[in-house]
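>>> Just to be clear, the model below is a prediction. Sequence and coordinates:
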Amino acid sequence: MSAAPQLPQERRLVTAIPGPKSQELQARKLGAVAAGVGTTLPVYVARAGGGVLEDVDGNTLIDFGSGIAVTNVGNSAPAVVAKATDQLAAFTHTCFMVTPYEGYVAVAEQLNELTPGDHEKRTALFNSGAEAVENAVKIARSYTKRTAVVVFDHGYHGRTNLTMGLTAKNVPYKQGFGPFAPEIYRVPVAYPYRWLTGAENCAAEAAAQAIDIINKQIGADNVAAIIIEPIQGEGGFIEPAKGFLPAIVEYAKANGIVFVADEIQTGFCRTGQWFACDDEGIVPDLITTAKGIAGGLPLAAVTGRAEIMDSAPAGGLGGTYGGNPVACAAALGSIETMKELDLNAKAQHIGEVMLGRLRGMQEKFAGSDRFEIGEVRGRGAMIAIELVKPGGKEPNPEVTAAVAKACHAEGLVVLTAGTYGNVLRFLPPLVMPEHLLVEGLDIIENAFAGI
Ligand code: PLZ
């Protein structure tokens, strides 16, 4: 099946951004939707496909966000639409735990095959990333009969009570929402750009510190799971220094701890490989996935070693909607599209183009008295720049917000991230046409020039 984008692949601005109809809808939103549900860019979408979003005012914007790393195959990708539509007409729900259906089993088989490692695996499906992470903790505790969970500085794992506790950043995710679940411990991550003794020492020192804290403050025998994003997403696209993840995996293995890779943001070709763990040959005991899995329909999964996954008794895992048949059909369409269009290669190419241009900007703007591009980093189509004040590494969230705003006004959807709010992150759909990728980068360069 062809995955030709249904919408003209061009940026077209016919009103100011946001336009009048979007502004009207945003006024309605403010009167109807809880204030806690924020808005990055109040442009109301009418249609989307390929690399663009079309709004209710008739503007088309270039999408460097993919709805936060979800529409890797593009919006309404043809195979996703076809399979989900057929399923929608056949039946919408039975509850897999009551009377099962093939789609769920087929998605589990795909995940067991595609995730790292060729050991015997099992999968359980859920609705959201947070729910998958919660279940990974349940499974690890049930298998190890231990309680403690180790997570990392700058980590993000969700907004439910347990995953909020696992998440590092206080505002906006945790402030006022406690108390948090017990038995959660946080240790340092190998963040090369900000490692005080230098990037070259980062992997070994960070691993030693993390392991020392586990041994001395928790006790390895009490730890059920170590959970880490192989590239931290919301934390600012922090790629742990090479060698850090293998050291943690080795420690987990030696101490009977379940190593969980949270690949909810990094998975499904986003980094130019099926999973970010593939880069250093990491084989997690459990892997959590969501976002890119189903081309925009809500679906999430925990996949892992059969003996660990099977340790929870029948009835211990599940939920009314987990592995909804329409979402499963969409996932099968999405995975098929990733294979057919070789989206790993596309992501790698996007990464090359972006890193080249952004490094050029880093040099070009080095003399600015308002900001410096401190670091350009990332893999595949998961690329970020960290903005600092000139002459040091003090975070620069003001210029980050101003550049994002300027991009939005020009019809380019970009997202910010980072513990210090000073990271601009780029997550284009992997089917983004080259000319739009280049145009988006031009807009970013102009935005910096105008600061
Ligand atoms: N783990 C690594 O990136 C979701 C959240 C945006 P859900 N990230 C985007 C926001 O502000 O809520 C995420 C993630 C990683 C877990 C999750 C949680 O996934 O599907 O949002 O629950």
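That came through, no problem.

>>> For Leu387, give me its contacts.
Shown in contact with Leu387 (CB atoms under 8 Å, 6 or more residues apart in numbering): 371-374, 395-397, 399-400, 403, 422-424. Where you see a C-beta, it was placed from the backbone N, CA and C, and this is true even at glycine.

>>> Just among those residues, which is most surrounded?
Most neighbours among those, by other CB atoms under 10 Å: Leu424, with 28 neighbours.

>>> That residue: what's it in contact with?
With CB under 8 Å, 6+ apart, Leu424 has these contacts: 384-385, 387, 400, 403-404, 414-417, 444.

>>> Tell me the one of the contacts of Leu387 nearest Pro230?
The closest of the contacts of Leu387 to Pro230 turns out to be Val423 (CB to CB; 17.3 Å).

>>> tell me which residues form a beta bridge with that closest one?
In this entry, Val423 is beta-bridged to Glu386, Ala417, by DSSP bridges.

>>> any idea how far Phe237 is from it?
Distance, Val423 to Phe237, by CB to CB, to the nearest Å: 6 Å.

>>> Ile264 now?
As judged by CB to CB, Ile264 and Phe237 stand 14 Å apart.

>>> so what's whichever residue of the stretch 101-250 of the chain sits closest to the ligand up against?
Going by CB to the nearest ligand atom, the ligand is nearest to Gly129 of the stretch 101-250 of the chain, at 2.2 Å. For Gly129, the contacting residues are 157-158, 262, 264, 288, 290-291, 300, by CB under 8 Å, 6+ apart.

>>> how far away is it from Asp55?
Counting by CB to CB, the separation of Gly129 from Asp55 is 27 Å.

>>> ditto for Leu25
Separation of Leu25 from Asp55 (CB to CB) stands at 10 Å.

>>> okay, those two: which has more neighbours?
Between Leu25 and Asp55, counting by other CB under 10 Å, Asp55 is the more crowded of the two (26 against 16).

>>> Now do the contacts for the spatially closest residue to the more buried one that is not a sequence neighbour.
Spatially, and ignoring its direct neighbours in sequence, Asp55 is nearest to Val43 (4.7 Å; CB to CB, 6 or more residues apart in numbering). Going by CB under 8 Å, 6+ apart, Val43 touches 17-19, 22, 53, 55, 59, 61, 408, 413.

>>> Widest-spaced pair of these?
Greatest spacing in the contacts of Val43, by CB to CB: Gly19 and Val413 (14.7 Å).

>>> Return the residues of the stretch 1-150 of the chain in contact with the ligand.
The interface of the stretch 1-150 of the chain toward the ligand, taken as CB under 6 Å from any ligand atom, is made up of 68, 128-130, 133.

>>> and Ala276, what does it touch?
230-231, 261, 263, 266-267, 270, 379.

>>> make it 6 Å
Going by CB atoms under 6 Å, 6 or more residues apart in numbering, Ala276 touches 230-231, 266.

>>> likewise Gly378?
Shown in contact with Gly378 (CB under 6 Å, 6+ apart): 237, 384.

>>> Distance from the chain centre to the helix or strand hosting it, please.
For Gly378, the element it lies in under DSSP states H and E is strand 372-379. Computed by CA atoms, centre = their mean, to the nearest Å, the chain-centroid distance of strand 372-379 equals 18 Å.

>>> ok but Leu111 is inside a helix, no?
Yes - under DSSP: H, G, I helix; E, B strand; the rest coil, Leu111 falls within a helix.

>>> Which of the contacts of Leu424 sits closest to Ala106?
Nearest to Ala106 among the contacts of Leu424, with distances taken as CB to CB, is Leu415, at 32.2 Å.

>>> quick one: common contacting residues for Leu25 and Asp55?
With CB under 6 Å, 6+ apart as the test, Leu25 and Asp55 both reach Tyr44.

>>> Need the residues that contact the helix or strand encompassing Gln23.
Secondary-structure assignment from DSSP H and E places Gln23 in helix 20-32. Here helix 20-32 makes contact (CB under 6 Å, 6+ apart) with 42-44, 55-57.

>>> hmm, 7 Å instead?
Residues outside helix 20-32 that contact it (CB atoms under 7 Å, 6 or more residues apart in numbering) are 18, 42-44, 55-57.

>>> Which of these fall within strands?
With DSSP state E as the criterion, strands contain Asp55 from among those.

>>> Got a quick ChimeraX command for the buried subset of the contacts of helix 20-32?
Burial among the contacts of helix 20-32 is assessed by 16 or more other CB atoms under 10 Å; the matching ChimeraX selection reads:
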select :18,42,43,44,55,56,57
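
>>> Show me which of the contacts of helix 20-32 is closest to the ligand.
Checking the contacts of helix 20-32 against the ligand with CB to the nearest ligand atom, the nearest one is Pro42 at 16.1 Å.

>>> My guess is the closest one contacts Val33. True?
No - applying CB atoms under 7 Å, one finds Pro42 not in contact with Val33, separated by 11.6 Å.

>>> residue ranges of the strands in the stretch 301-450 of the chain, please?
For the stretch 301-450 of the chain, applying DSSP state E, counting those that start in this stretch gives strands covering 372-379, 382-388, 412-413, 415-417, 423-426.

>>> closest to the ligand out of these?
Smallest distance to the ligand across those (CB to the nearest ligand atom): 9.2 Å, for strand 415-417.

>>> Strands of the stretch 101-250 of the chain, start to end?
All strands of the stretch 101-250 of the chain, identified by DSSP E, counting those that start in this stretch, fall at 121-126, 148-152, 184-187, 223-228.

>>> What distance do you get for Lys393 to Arg425?
Applying CB to CB, the value for Lys393 to Arg425 is 18 Å.

>>> and Ile287, what helix or strand is that in?
Going by DSSP H and E, Ile287 is in strand 286-289.

>>> Name every strand pairing with that strand and say which way it goes.
strand 258-262 (parallel), strand 300-305 (antiparallel).

>>> Export those strands as a markdown table, with columns for mean neighbour count and mean pLDDT.
Listed next are the strands paired with strand 286-289 as a markdown table, based on neighbours: other CB atoms under 10 Å; pLDDT from 0 to 100:
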| stretch | mean neighbour count | mean pLDDT |
| --- | --- | --- |
| strand 258-262 | 29 | 99 |
| strand 300-305 | 27 | 99 |
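
>>> now the ones you listed as CSV including distance to the ligand?
Listed next are these as CSV, based on distance: least, CB to the nearest ligand atom, whole Å:
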stretch, distance to the ligand
strand 258-262, 5
strand 300-305, 6
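
>>> Correct me if wrong: Gln265 contacts Gly67.
No - assessed by CB under 7 Å, Gln265 is found out of contact with Gly67, at 11.7 Å.

>>> So what does Ser128 look like in phi/psi?
With angles defined as degrees, to the nearest 10, Ser128 sits at phi -140, psi 160.
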